[in-house]
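I'll drop the sequence and a predicted model, then ask my questions.
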Amino acid sequence: MNVTGLGARTRGRLRAHVHRAGGRRRVLQAVLAGASALALLLWWLLPSQGPSYPHRPLSLATGVANGVYETYGKLLKADLRTALPGVRVDLLQTEGSVDNIKRVASGKADFTIAAADAVANYHGPGKADLRACARLYDDYMQLVVPRDSTVTSARDLRGKTVGIGQADSGVSLITRRLLTAAGLDVTKDVKAVPVGIDQAPAMLLSGRLDAFFWSGGLPTAAIAAMANPVPRIRLVQLGDLVPRLHTMGSQMQYYRQAVMPADAYPKVQDGQTIATIAVANLLVTTDHADTGLVERLTRAVIDSRDAIGKEVHAAQLVDLRTAVFTDPLPLHTGAERYYRSVKP
């Protein structure tokens with residue numbers, strides 16, 4: 001600025017104003033520099049918030065209404081709001097494990113829960129792309145009959161009307177194999193009704209079913225409800241079928257002999273354990289899923305065990321030591337990164 005033509009007093013005031021403005025700029029620059037340094041220091045010292053991930057909606061295929069998969073999915077969705085901020089999680093009701101695997105393999109769902117036997121049994125498109133995030137908890141096979149039923153084994157179901165699970169459910173897969181092990185032809189020796197846990201209890205209590213099969217975590221709320229206010233049902237042992245089942249092919253390796261504890265359904269079991277079979281559940285995705293997203297989601301599944309376990313007791317069995325055993329699927333790279341990060 002040319003100040004030559006101005007009076008001495010005016011020039012003095014202008015120089016003072018410019019000096020003050022320059023001082024304010026220097027102070028502002030110093031503040032900004034300090035803030036930048038502080039931000040850099042905090043970034044260095046504070047723990048990382050985790051890997052980056054795409055902020056797009058993701059879908060989780062669960063199962064039938066009132067089933068353990070659906071309940072678990074609802075509770076996990078709530079935890080994912082914190083674990084995956086900015087991501088909308090959509091839950092998809094399905095017929096169960098078989099349906100779930102088809103949806104993930106075809107890209108119609110991003111993640112799902114499915115039983116290991118259903119995963120091993122899938123041979124459709126996209127099979128090679130399937131990956132696991134974690135082994136979750138075991139499903140127990142449950143054969144439910146009215147309290148006064150004479151059925152004491154699956155072999156006694158000949159001529160009975162039996163709920164065998166929906167067509168694309170893991171229940172149906174296991175039930176058909178168990179009936180074969182019992183020497184029964186599902187198309188000839190029983191009247192098979194393809195219903196799931198959302199309909200079977202009411203049908204049994206109304207006399208439209210003589211029995212129904214269910215595979216789920218313990219306890220399953222819909223079965224527990226059938227004992228209130230008084231027990232109207234009984235659970236039938238399936239342990240006598242295990243030796244025969246294990247001779248029926250390599251895929252039977254996913255079934256293990258198990259005992260339902262006496263307190264699974266206290267009013268129903270009268271303090272008695274029940275011999276049955278169990279199969280592991282896996283959290284499944286594909287190798288197309290973002291690595292950072294899978295790492296974060298896997299962490300959320302492990303970290304949410306206790307909170308979810310208060311509502312879904314089976315979830316209490318999710319364990320960091322066993323979560324990596326996801327046969328027949330390999331771990332997703334993101335899940336593997338998480339387990340390596342927490343390995344002692």
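Here it is on my side, so go on.

which residues pair with the residue nearest to the spatial centre of the chain across the strands?
Taking CA atoms, centre = their mean, the centroid of the chain lies closest to residue 113, which sits 4.7 Å from it. Taking DSSP bridges as the rule, residue 113 bridges to residue 283.

if you average pLDDT over the top strand by length along the chain, what comes out?
For the chain, the strand that runs over the most residues, judged by DSSP state E, is strand 130-146. Averaged over strand 130-146, pLDDT sits at 97.

and the very next helix or strand once past that strand, what does it pack onto?
Counting by DSSP states H and E, the next helix or strand C-terminal to strand 130-146 is strand 161-163. Judged by 3 or more CB pairs under 8 Å, 6 or more residues apart in numbering; DSSP states H and E, strand 161-163 is in contact with strand 191-193, helix 200-205, strand 211-216. Glycine gets a C-beta too; all of them are placed from N, C-alpha and C.

In the sheet, which strands lie alongside strand 161-163, parallel or antiparallel?
The pairing partners recorded for strand 161-163 under DSSP bridges are strand 191-193 (parallel), strand 211-216 (parallel).

quick one: contacts of the helix or strand that it is followed by?
Of the helices and strands lying after strand 161-163 in sequence (DSSP H and E), the nearest is helix 170-181. Helix 170-181 has contacts (CB atoms under 8 Å, 6 or more residues apart in numbering) with 96-98, 114-115, 117-118, 121, 139, 141, 154, 157, 164-166, 185-186, 189-190, 194, 196-197, 213-215, 238, 241, 244-245, 248, 252, 255, 277, 279.

Helix 170-181: how far from the chain's middle?
In terms of CA atoms, centre = their mean, to the nearest Å, the centre of helix 170-181 is set 23 Å apart from its chain centre.

remind me which residues of this protein are low pLDDT?
1-49, 344 (pLDDT under 70).

now the helices and strands packed on strand 161-163 in JSON lines, with mean neighbour count and distance to residue 234?
Shown next, in JSON lines, are the helices and strands packed on strand 161-163 (neighbours: other CB atoms under 10 Å; distance: least, CB to CB, whole Å):
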{"stretch": "strand 191-193", "mean neighbour count": "17", "distance to residue 234": "19"}
{"stretch": "helix 200-205", "mean neighbour count": "19", "distance to residue 234": "11"}
{"stretch": "strand 211-216", "mean neighbour count": "27", "distance to residue 234": "10"}
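
Could you dump the ones you listed into CSV with distance to residue 92 added?
As requested, the helices and strands packed on strand 161-163 are exported to CSV (distance: least, CB to CB, whole Å):
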stretch, distance to residue 92
strand 191-193, 24
helix 200-205, 21
strand 211-216, 18
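
Could you point out which of these sits nearest residue 81?
strand 211-216 (25.8 Å; CB to CB).

so after the closest one, what's the next helix or strand?
Following strand 211-216 in sequence, per DSSP H and E, is helix 221-224.

follow-up on the earlier one: angle of the longest strand of the chain against strand 211-216?
150 degrees (axes from the mean of the first three to the mean of the last three CA atoms, to 10 degrees).

Strand 130-146: which residues count as buried?
For strand 130-146, the neighbour count (16 or more other CB atoms under 10 Å) marks 130-146 as buried.

next one: stretch 236-248
236-239, 241-242, 245.

Save those as a markdown table, and put in distance to residue 296 too.
Listed next are the buried residues of stretch 236-248 as a markdown table, based on distance: CB to CB, whole Å:
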| residue | distance to residue 296 |
| --- | --- |
| 236 | 42 |
| 237 | 42 |
| 238 | 39 |
| 239 | 41 |
| 241 | 41 |
| 242 | 39 |
| 245 | 38 |
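
Filter those down to the ones in strands?
residue 236.

from the buried residues of stretch 236-248, which is closest to residue 201?
Nearest to residue 201, judged by CB to CB, of these is residue 236 at 15.4 Å.

hey, what's that closest one bridged with?
Taking DSSP bridges as the rule, residue 236 bridges to residue 143.

That one and residue 157 touch, don't they?
No - the pair residue 236 / residue 157 is not scored as a contact, 9.0 Å apart, by CB atoms under 8 Å.

Show me the common contact partners of these two, please.
By CB under 8 Å, 6+ apart, the residues touching both residue 236 and residue 157 are 151, 211.

The closest residue to residue 158 other than its chain neighbours is in what secondary structure piece?
Residue nearest to residue 158 in three dimensions, not counting chain neighbours: residue 189, with 5.0 Å by CB to CB, 6 or more residues apart in numbering. Per DSSP H and E, residue 189 falls between elements, in no helix or strand.
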